[in-house]
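Engineer: sequence and predicted structure are below.
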Amino acid sequence: MDPLRLIRDYTISGVIGRSTYDDTYIHLDDQHSLLRKSTTNYAAKMGRGFLAVEAIWFLAKCNVANPAQAHAAYMRDALAAKVAQISLIDRKELLDYLTGRVETSANVDVNVPAFTVPDDADVDAQAAAVGEKRRREDGVDVEENGAGAGARLASVRGGGGASEHLKDQPLHTRNSILQCNKDFSAVLGFFGGAGVKDG
C-alpha cells in the first residue's frame, strides 16, 4: 500500500475531508488506516528527509476544507492539532501533486520504499489496537478469552510475539524489488529462486 498515492486518490475524489485521526492512526475510511508517524517516499526540499504521512494528510485535508487558506493559518492549525507541518517551500508542489494538477512529481523518490515504519514505533501496542478494532468489527467480545490482542496474534502466528513477526517481514514494493546487485540475488530471493552462484 502506497500511502502517498492513497492520500492523493482521496484528495482528488474529495473525500479526504471526512477522514479522522487518533494518537496512532489516520483513518481515511472504514477500510484504510495509516500509521501517523510512518514516512512516505516524498522527499522534502532543503535536506529534511522524507515527509511523514500525517504531515501530507493534514495538508491535503486543510486544502480541501479551505483551498485559499494562507500558509501561516495552516501552520497554526497544524500546531494546534499537534501534527507535523509541511514547509512553505514544499507546499505548492506537493499540493499540485495531491490535487491532481500534475501527474508526477520530481520529489517522489522511486528508489526508496513507498512506506516506512519508524523504528521507535511501539509495534505491540499498534498490533493490539488493530486486533481489538478487527474483533469489534467482527462482533467478537474483547474479554472473551482474557488474553490480550498481542498474545492472540502471537499464538496465531506461531509464537515469537507480534512485534518480532511484524519487524521481520520486509515491506516490498515494485521499486524495492528491482533494486538489486548485478547477480539479481535480491530479486531471485524474493521470488524464491536459488540465486546465482559463482563458479
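Structural biologist: Good, I have the coordinates.

Engineer: quick check: A78 is in a helix.
Structural biologist: Yes: when the secondary structure is assigned by DSSP: H, G, I helix; E, B strand; the rest coil, A78 falls within a helix.

Engineer: and it, what's its pLDDT?
Structural biologist: Reading off the confidence values, A78 has pLDDT 92.

Engineer: need the contact list for it.
Structural biologist: When the contact criterion is CB atoms under 8 Å, 6 or more residues apart in numbering, the partners of A78 are 55, 58, 62, 84-85. Quick note: C-beta positions are derived from backbone N, CA and C, even for glycine.

Engineer: mind exporting stretch 98-111 as CSV, just the C-alpha atoms?
Structural biologist: Provided in CSV are the C-alpha atoms of stretch 98-111 (Å, rounded to 0.1, in the frame of the first residue of the first chain):
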residue,chain,number,x,y,z
LEU,A,98,-2.0,15.8,-4.3
THR,A,99,-4.8,17.6,-6.1
GLY,A,100,-4.1,16.1,-9.5
ARG,A,101,-2.9,19.3,-11.2
VAL,A,102,0.3,17.4,-12.1
GLU,A,103,0.6,13.6,-12.7
THR,A,104,4.1,13.1,-11.3
SER,A,105,6.4,14.9,-9.0
ALA,A,106,10.2,15.0,-9.1
ASN,A,107,10.2,14.8,-5.3
VAL,A,108,8.7,11.3,-5.3
ASP,A,109,11.7,9.1,-4.9
VAL,A,110,11.1,5.7,-6.6
ASN,A,111,14.3,4.3,-5.2
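
Engineer: which residues sit against it?
Structural biologist: So stretch 98-111 is in contact with 4, 7-8, 11-12, 41-45, 50, 56, 59-60, 63, 90, 93-97, 175, 179, going by CB under 8 Å, 6+ apart.
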